[in-house]
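Engineer: Next comes the sequence, and after it the predicted model I'd like to discuss.
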Amino acid sequence: YRMSAQQMLKVYVTRRIPQEGMKLLQKAGICNLSVWDSDEPVPRAELLKGVAGAHGLLCLLSDKIDAEVLDAAGPNLKVISTLSVGFDHLAIDEIKKRGIRVGYTPDVLTDATAELTVALLLTTCRRLPEGVEEVKNGGWSTWKPLWLCSYGLSGSTVGVIGLGRIGLAIARRLKPFGVKRLLYTGRQPKPQAQEVDGEYVPLDTLVRESDFVVVSCSLTPDTQGLCDKTFFSKMKKTSVFINTSRGAVVNQEDLFGALSSGQIAAAGLDVTTPEPLPTDHPLLSLKNCVVLPHIGSATYSTRGVMSELTANNLLAGLTGSEMPSELKL
Ligand code: NDP
Ligand code: DGY
């Protein structure tokens, strides 16, 4: 059974995505695909034009899907499927109001993102970029007892802000490094925390007592700007701050102040505001700040599986069937 041209459902895809997902959409035989076939984001005006009349929208975290986009799409729109687990780029209230279903990609990127977080933490706390730079620029004169010394994980206290899927996976990976105490905060204690001997504590306690503060919560009105001047002022001078959630959880001016004044030891960020971070941004002038270009989930296999899940969510939304990963609105 093949659909006639009129029965085909219009699907707008805002970027070139991994072929695994693209193949599923093509093979399904129900989509009239319209793809912004580029590695760069679709310009807003193009998005507003391209989405008109679409039944399905496959988007990325860099696309802001708000009332304007939903209005531009019009009443056909049944499903939005995002190639991400984060959904802070989607105007959920507006989407819910219109009865549109949302698909996202939890779980499949948890391991890759936790692994990258551990890599960023070790890179930052052990001052690897500085060391690599010194080898290249001739700063390495001899083995020196106090040169490039830093703070390690063994015997330390780690604090995880948001012990969700990724937060727990980070904690599991850090424990074997000899972490002594694992603190966490969130909206409520988590039974899963037992597995990592996690102690549920107030944010204030976590910030004051942790040698490593790791942010892995979602971006919400409650967490926006959570890591600000007051927050950093409570951290120990020897502590390291890591963020792999969303840039907006951090007040970057306050972080710059804390790093440049020696209020905290170092910071590692996989996410910033804006993205990309301008190359002349003050944070990039600091030796004790390591910034990565939002590559938490960037392994070939993870991105492949993310694209498949995103495609299958979209197809299920179009046919009115159960999605593999539907966001409960
Ligand atoms: P989860 O929903 O499993 O975890 C989010 C956690 O944040 C939950 O445990 C939640 O706690 C917690 N949280 C929510 N509000 C607060 C708050 N006010 N204070 C403290 N904690 C809070 O999502 P994932 O673990 O799958 O993903 C987490 C985030 O990581 C994503 O939303 C995304 O922004 C980011 N991410 C970044 C990637 C990267 O490339 N750097 C890759 C993938 C994800 P509770 O359960 O109590 O509500
Ligand atoms: C997400 O999925 O939210 C990440 O930021 C990218 O994988």
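Structural biologist: Arrived safely, thanks for sending. Ligands and ions are numbered 1, 2, ... in the order given.

Engineer: burial count for the closest residue in space to Leu116 that isn't next to it in sequence?
Structural biologist: The shortest distance from Leu116 to any residue other than its chain neighbours is 4.7 Å, reached at Gly296 (Cβ to Cβ, 6 or more residues apart in numbering). For glycine as for every other residue, the C-beta is placed from the backbone atoms N, C-alpha and C. One way to gauge burial is a neighbour count; for Gly296, by other Cβ atoms under 10 Å, it gives 25.

Engineer: For ligand 1, give me its nearest residue in the stretch 51-200 of the chain.
Structural biologist: Gly164 (1.8 Å; Cβ to the nearest ligand atom).

Engineer: Contact partners for the closest residue to Leu226 other than its chain neighbours?
Structural biologist: In space, not counting the residues next to it along the chain, Leu226 is nearest to Val249; the distance is 5.4 Å by Cβ to Cβ, 6+ apart. Each residue near Val249 by Cβ atoms under 8 Å, 6 or more residues apart in numbering is listed here: Val215, Cys217, Leu219, Thr223, Gln224, Gly225, Leu226, Cys227, Asn243.

Engineer: now Val249: how far from ligand 1?
Structural biologist: 9 Å (Cβ to the nearest ligand atom, to the nearest Å).

Engineer: Check Leu286 too.
Structural biologist: From Leu286 to ligand 1 the distance is 20 Å (Cβ to the nearest ligand atom).

Engineer: ok, that residue touching Phe256?
Structural biologist: Yes: counting by Cβ atoms under 8 Å, Leu286 sits close enough to Phe256 to count as a contact (7.4 Å).

Engineer: Look up phi and psi at the residue nearest to Leu116.
Structural biologist: Backbone geometry at Gly296, expressed as degrees, to the nearest 10, gives phi -50, psi -50.

Engineer: in stretch 193-201, what counts as buried?
Structural biologist: Judged by neighbour count (16 or more other Cβ atoms under 10 Å), stretch 193-201 contains these buried residues: Ala193, Val196, Gly198, Glu199, Val201.

Engineer: Contact partners for the last one?
Structural biologist: Meaning Val201. Applying Cβ under 8 Å, 6+ apart, we find Val201 in contact with Gly159, Leu183, Tyr184, Thr185, Glu209.

Engineer: Take the host helix or strand of the second one, keep the C-alpha atoms, and write them as PDB.
Structural biologist: Put plainly, it is Leu183. With secondary structure defined by DSSP states H and E, Leu183 is part of strand 181-185. Extracted as PDB, the C-alpha positions of strand 181-185 are listed here (Å, rounded to 0.1, in the frame of the first residue of the first chain):
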ATOM      1  CA  ARG A 181      31.500  11.600  49.500                       C
ATOM      2  CA  LEU A 182      28.900  12.000  46.800                       C
ATOM      3  CA  LEU A 183      26.400  14.800  47.500                       C
ATOM      4  CA  TYR A 184      23.500  15.700  45.300                       C
ATOM      5  CA  THR A 185      20.600  18.100  45.100                       C
END
